[in-house]
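In: give the three-dimensional model of this entry:
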Amino acid sequence: MHDDEYFDIRFDPEDESEFGSLKFSKQSRNKNYAPKKINNFKPLTNHEKIDILEDQLKYLRENTPKTLGHNPYQKQIAKLEAMLRELKAKEGLILTSDSRNQNIRKFDSKLQKNKKYNLFEREIDGKNENSKDGKDDIKKIDIPENSIELEESKKLAELIAIGLGDGQIPEDLYSFKITLDGKEQVNYIQYTKTLMEELLKKTPKIHPRKDSNATYLVVYGKDVVGGLVKKGLVPGDKVRNQVGIPGWVNKWKNYQIGSLRGLTDTDGSIFVKKAQKSIRIGFQNHSKPLVEGFKELCKRFDIKTGKVTEYLRVKKDKKFKQYDLLVAGKFEVSKFIDIIKPKKWEYRAELLGLTLVSLEDPQKRKNIERELIKVYPDERTHYTEDYKNLLKNLCEQQGYNVNKASIIHAIEDSLTNKHLNQINQHGKKIIDDLKQKWIGKN
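Out: Down below sits the predicted model:
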């Protein structure tokens, strides 16, 4: 099935007609059993029924005994699949190339009628859905009438996410600025520049700062910036406004992939947990709704994450609350990288692999760290060519055979389940991609 055919419904149309002889209950939403005939419950909408049916089908398929020669749930599955097709056809969710645009417009129309769909976004008219007292604490923004209309897409979802992570819009809507690291994100600066040119039809001005490694990518014009605001970017202080993921991102799986990619490439991190010799993914931001939104999007792909943790961070004598999230399991990390394909992984995989190589022998690693500190006293990993080349040279000095094949092997080992002595299907795809890219083997 094409990615665009996976729908994630959150709006609530008024149609509450019963579906056949079955009545679905909200209480049965997460129960581990197939739907039964139940009474005395208020009938749900077709879209809520679709959610329930998909959950029950998933349960029946995953819990089929592997040892039997037949599927004991076959009749139930066939019946539920028929119900699901009928419901999706009624709601226009089984799309063809001819009907796709018409149904998207239909979805947008319903979306405008029901704000409940927007689980994470902050309303542009000033209402803060996350405010405890429900008061409006965001300054009302007047969007220019000549603001451009940006077509919703996977790439736009990615750009909006980049803006939520490292972007800034002043309240006068004069400009849209993205701040990146000019030393560690050289490739990503060019990637983001191309993305902005393609979507905004303007070439951003690039301004490297002289007093730091920061590099600004800036586009000017209230028409363009107004278009970005209409699609979910919030002008002003992002921390004070507690920004979140725009609701329209939840329409399609492809949009969700773009959003997760943009967030990971800005405020996310892909790093090696040295004690466990494993790769992990983190996401940090001062906006709690944004971190919770990241977690929710991971759930849409059945990617398990840790809890959202909160702690105080001091910066320039000011205290900020920061919220962190971690993807730690080998399967979860492999699945995230395989499906989301962050640019950070593309740019940093070799250095991460080199780090894993250097950890194979504890004593050799201590020798390597002793030399690294002489050049990089802050003791952190620097994602630059100079750091990578130094690490490679130090590994070779310690007797490691460093080449693309050995780096790939170290990454493969880090993604392998040691108890089962096997790598999962997503990990295999990652390794195959690296071999194709670095070695040219299928």
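In: in three-state terms, label the residue nearest to residue 302 when sequence neighbours are not counted for me.
Out: Spatially, and ignoring its direct neighbours in sequence, residue 302 is nearest to residue 335 (7.8 Å; CB to CB, 6 or more residues apart in numbering). Backbone N, C-alpha and C define where each C-beta goes, glycine included. Assigned by DSSP: H, G, I helix; E, B strand; the rest coil, the conformation of residue 335 is helix.
In: same question, residue 321
Out: strand.
In: separation between it and residue 264?
Out: 21 Å (CB to CB, to the nearest Å).
In: the strand or helix carrying residue 409: how far from the chain's middle?
Out: Element membership for residue 409 (DSSP states H and E) is helix 404-414. Distance, stretch centre to chain centre, for helix 404-414: 25 Å (CA atoms, centre = their mean, to the nearest Å).
In: go on, stretch 187-207?
Out: Using CA atoms, centre = their mean, the offset of stretch 187-207 from its chain centre is 21 Å.
In: same question for stretch 435-442.
Out: 27 Å.
In: please name the residues that touch residue 406.
Out: Going by CB atoms under 8 Å, 6 or more residues apart in numbering, residue 406 touches 357, 400.
In: nope, residue 381 is what I was after
Out: Here residue 381 is in contact with 271-272, 351, 355, 387 (CB under 8 Å, 6+ apart).
In: so which residues of the stretch 101-250 of the chain form helices?
Out: Assigned by DSSP state H, counting those that start in this stretch, the helices in the stretch 101-250 of the chain fall at 154-166, 186-200, 222-230, 238-241.
In: so which other helices or strands are in contact with the last one?
Out: Think helix 238-241. Contact partners of helix 238-241 among helices and strands, from 3 or more CB pairs under 8 Å, 6 or more residues apart in numbering; DSSP states H and E: none.
In: cool, and the second one?
Out: On a contact count with 3+ CB pairs under 8 Å, 6+ apart, helix 186-200 meets helix 154-166, strand 175-181, strand 214-220, helix 222-230, helix 343-358.
In: swap in the first one?
Out: Under the contact definition 3+ CB pairs under 8 Å, 6+ apart, helix 154-166 sits against strand 175-181, helix 186-200, helix 253-267.
In: if we can go back for a sec, burial measure for the residue nearest to residue 302, as a count.
Out: 23 (other CB atoms under 10 Å).
In: got a list of what it touches?
Out: So residue 335 contacts 301-303, 424, 426 (CB under 8 Å, 6+ apart).
In: what's the farthest-apart pair in these?
Out: Maximum pairwise distance in those, criterion CB to CB, is 14.2 Å, between 301 and 424.
In: more neighbours, these two?
Out: Neighbour comparison, residue 301 and residue 424: the larger count goes to residue 424, with 20 against 15 (by other CB under 10 Å).
In: in space, what's closest to the more buried one - neighbours in sequence excluded?
Out: Nearest one to residue 424, counting by CB to CB, 6+ apart, is residue 331 at 5.1 Å.
In: other residues contacting stretch 257-269?
Out: Stretch 257-269 is contacted by residues 3, 153-162, 164-166, 188, 245, 249, 270, 281-285, 290, 294, 297-298, 336, 339-344 when judged by CB under 8 Å, 6+ apart.
In: now do 7 Å
Out: Contact with stretch 257-269 is made by 154-155, 157-159, 161-162, 164-166, 188, 245, 249, 281-285, 294, 297, 339-344, as judged by CB atoms under 7 Å, 6 or more residues apart in numbering.
In: gap between residue 277 and residue 415?
Out: 11 Å.
In: do residue 354 as well
Out: For residue 354, the distance to residue 415 equals 16 Å [CB to CB].
In: more neighbours: those two, which one.
Out: Remark: of residue 354 and residue 415, residue 354 carries more neighbours, 24 against 20, as counted by other CB under 10 Å.
In: and which of the contacts of residue 335 is nearest to residue 361?
Out: Once CB to CB is applied, the member of the contacts of residue 335 that ends up nearest residue 361 is residue 424, at 26.9 Å.
In: so the closest one sits right up against residue 329, yeah?
Out: No: judged on CB atoms under 7 Å, residue 424 makes no contact with residue 329 at a distance of 10.0 Å.
In: give me the number of residues near residue 249?
Out: 30.
In: now do the contacts for it.
Out: Neighbouring residues of residue 249 by CB under 7 Å, 6+ apart: 157, 255-256, 259.
In: quick revisit: show the buried residues in the contacts of stretch 257-269.
Out: 154-155, 157-159, 161-162, 164-166, 188, 245, 249, 281-285, 294, 297, 339-344 (16 or more other CB atoms under 10 Å).
In: quick one: low-confidence residue ranges for the stretch 1-150 of the chain.
Out: Residue ranges of the stretch 1-150 of the chain with pLDDT under 70: 1-45, 47-48, 59, 62-73, 90-140.
In: mind running it again at 90?
Out: Scanning the stretch 1-150 of the chain for pLDDT under 90 picks out the ranges 1-147.
In: same check on the stretch 301-442 of the chain?
Out: Scanning the stretch 301-442 of the chain residue by residue, the ranges that satisfy pLDDT under 90 are 311-321, 417-422, 439-442.
In: show me where it has strands.
Out: 309-315, 318-327, 416-417, 422-423 (DSSP state E, counting those that start in this stretch).
In: what about the residue lying closest to residue 197 once chain neighbours are set aside, how many residues nearby?
Out: Nearest residue to residue 197, sequence neighbours excluded (CB to CB, 6+ apart): residue 203, at 5.4 Å. Counted with other CB under 10 Å, the neighbours of residue 203 add up to 12.
In: with residue 163 instead?
Out: Residue 163 has 25 neighbouring residues, counting by other CB under 10 Å.
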